[in-house]
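In: Predicted model and sequence below, questions to follow.
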Amino acid sequence: MQPSTHPAAALPNWFDPAVLVATCGGIGRIPFAPGTFGALVGVLLSVLLGSLLAPATSGLALSTASATAVEALVLVVINVAGIPLCSLAARRLGRGSDPGAIVYDEMASLPIGLLVVPAAARSPVLLVLAFLLHRLFDITKPFPCRRLEHLPAGLGIMADDWGAAVWMAASLGVARWGGLM
């Protein structure tokens, strides 16, 4: 029996669990700048984690350092889980090594860069700046981001965004150290 050549046979299953999660519930299907929308989800994730773990409101009696450590641990789990998830979704989408519809990498990496700023200090202005910096570094791919995206499968999909998050964190850290924020 020959494989189907019907156009519908080539369409990805957008409701496949891996694809659905990797596209952040379908946000990655937005036809223009899907990574930008994925990064916006990352800002929301950072705000959510910061508010859940904030020492004054969490009810967990966490210090700022402990809250940041718990936030970092949660983000490590989210990001490590992204490697096999993005590998599987990329295979199922069948659209190259880093399909544009996969925005899990932007969502998961942006909050990493915000770890240099305590949750209580993440003002709306700082969040907008973090968002813009992450997008700038994700798009321009300064060293070593471009090289990182050539790592195999999901690791490459995630790693270049981790590089963008490091550049964003360094920029925010320098700005805070210099008294600009």
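Out: Ah, there it is. Numbering: from 1, shown residues only.

In: got any ranges where the chain has weak pLDDT?
Out: Residues of the chain meeting the criterion pLDDT under 70: 1-11, 55-62, 95-96.

In: Helices of that one, start to end?
Out: 17-22, 34-53, 64-93, 104-113, 124-140, 145-148, 153-177 (DSSP state H).

In: helices or strands up against the last one?
Out: Using 3 or more Cβ pairs under 8 Å, 6 or more residues apart in numbering; DSSP states H and E as the contact test, the elements touching helix 153-177 are helix 64-93, helix 104-113, helix 124-140, helix 145-148. Any C-beta I mention is one placed from the backbone N, CA and C, and that applies to glycine too.

In: That helix vs helix 64-93, what angle?
Out: Helix 153-177 and helix 64-93 are oriented at 150 degrees to each other (axes from the mean of the first three to the mean of the last three Cα atoms, to 10 degrees).

In: Residue 118 contacts residue 68, correct?
Out: Yes: in this structure residue 118 lies within contact range of residue 68 using Cβ atoms under 8 Å: 6.7 Å.

In: So the two - more neighbours on which side?
Out: For residue 118 versus residue 68, the count of surrounding residues by other Cβ atoms under 10 Å is larger for residue 68: 19 against 16.

In: residues touching the residue nearest to the more buried one when sequence neighbours are not counted, list them.
Out: Nearest-residue entry for residue 68: residue 115, 6.3 Å, with adjacent residues in sequence omitted and distances by Cβ to Cβ, 6 or more residues apart in numbering. Going by Cβ atoms under 8 Å, 6 or more residues apart in numbering, residue 115 touches 68, 71-72, 75, 169.
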